[in-house]
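K.L.:
Build me a model:
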Amino acid sequence: MNLVPEVRLTYRSPLVERLRETGRATVGQLELVLPASFGFCWGVDRALAMVEEARQEYGERPMWLISSIIHNPRVNADLRAKGIGFLRGEHATKGALEALGENDVVIVPAFSATVDDMEFLRARSVTIVDTTCPWVIKPHKRTLKYLKEGFTTIIHGTVGHEETEATCSLIEHEGGHYVVVYSIEEAEVLASYLEGTADADALRSGLRCGSFSPGFDAEEHLLKIGVINQTTMLASESRAIGDRLLESLKQRDGEEALAETFRDFDTICRATQDNQDAAAAVAQEQPDLYLVVGGYDSSNTKNLARVGHRLGVRAFHIEGPHCLGEKLEFRHRGTGEIEHEADWLPSQRPLKVAFSAGASTPDALLGEVIERLVELCGETLPASEV
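P.N.:
Residues are numbered from 1 along each chain as shown. Reported below is the predicted structural model:
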């Protein structure tokens, strides 16, 4: 497949490209710092390039996305502006899913799709453009291996996230079972059951709705477990979860039995890992302000902010420049819901401001955030940088 240059050019930012080369810049009393790795990953570039190629190849045929191609509102808005419809979600066209036929072109998002959705599309004889990221296929392959060996899959992921839904649907389709744990705290609930200090009712009540496969029986289905990760989770937490569950089975079965009862495999995306490591390196500099840019539904962006929090830096997860109003108009995502914060902009000078961006965040959007922050601080970027 030839990548279409227009995709990358559409979202270029001369300012971000310059900062990407240097890692930092001084603008008046501001020090701007960017990590060594951030923003659009290869899988996102690939997905958007495939969409452009499909638009060129299929011309005027109706073209649809199952849902958001990636978790970035601007990118999805751009696709709608190009005439690509949505079958599900906030911007879905009513009745379009049921009316699909052989003249329609349907794009599978980078997150993948459920088995039921893929079977439905094939039954309707639509043309399928599958942009599933190859890194997302990695946990699918590992899960199939676990199933063949009789293991129940423990997924470090988010219930309801498209990638995890696709993985769960594959397990169900193959007759297997799963448990989804979102955090080390939820993994502790599972570990307590495995160690015998909590019963099945406590396990059920301790995890969120949708965490268990249909027909799940803890006594039967937790004899042998294999761990995978949604590719965009916090890598350090995934490792901690694997270690904790290993320890719980060691207590339950003894160390010699682990070869028969436990499997662990790192399925975190390489770009996710690189972005998190780079974000941590910047956070360790203890900036006065750390802005992480990306869609509020973006798992990998949320976890970049968590990297900052874990290192004692209050990192603000924002969607774009519209979140940076005046001092009393700052919108960001905290540990859960979207929050409105007053007097968010530090008054001291000089001021060190760090930035990062999720794997689904265009450079152009990050550049607009940097420009807005500089403006709010009363500084001016050199003309060559804008």
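K.L.:
What are the contacting residues of the lengthiest helix in the chain?
P.N.:
For the chain, the longest helix by residue count, based on DSSP state H, is helix 235-253. Counting by CB atoms under 8 Å, 6 or more residues apart in numbering, the neighbours of helix 235-253 from elsewhere in the structure are 154, 156, 181, 183-184, 187-188, 190-192, 194-196, 225, 227, 229, 257-258, 261-262, 264, 266, 268, 272-273, 276, 310. In short, each C-beta sits where N, CA and C put it, glycine included.
K.L.:
right, and the helix or strand after it?
P.N.:
helix 258-261 (DSSP states H and E).
K.L.:
and the helix or strand just after that following helix, what does it pack onto?
P.N.:
The C-terminal neighbour of helix 258-261 among helices and strands, as given by DSSP H and E, is strand 262-264. For strand 262-264, the contact count by 3 or more CB pairs under 8 Å, 6 or more residues apart in numbering; DSSP states H and E identifies strand 225-229, helix 235-253 as packing neighbours.
K.L.:
again, only using 10 Å
P.N.:
For strand 262-264, the helices and strands in contact under the criterion 3 or more CB pairs under 10 Å, 6 or more residues apart in numbering; DSSP states H and E are helix 134-148, strand 152-156, strand 225-229, helix 235-253.
K.L.:
How is Pro346 assigned, secondary-structure-wise?
P.N.:
Remark: Pro346 carries the secondary structure label coil [criterion: DSSP: H, G, I helix; E, B strand; the rest coil].
K.L.:
Ile69 now?
P.N.:
coil.
K.L.:
contacting residues for the closest residue to it other than its chain neighbours?
P.N.:
Spatial nearest neighbour of Ile69, chain neighbours left out: Pro109 (4.8 Å); criterion: CB to CB, 6 or more residues apart in numbering. With contact taken as CB atoms under 10 Å, 6 or more residues apart in numbering, Pro109 is in contact with 47, 65-71, 76, 130-133, 136, 162-163, 166.
K.L.:
now for the top strand by length along the chain, which elements pack on it?
P.N.:
Of all the segments assigned as strand in the chain under DSSP state E, the longest by residue count is strand 351-357. Helices and strands touching strand 351-357, by 3+ CB pairs under 10 Å, 6+ apart, are helix 14-22, strand 24-27, strand 30-33, helix 270-283, strand 289-293, helix 299-310, strand 315-318, helix 363-376.
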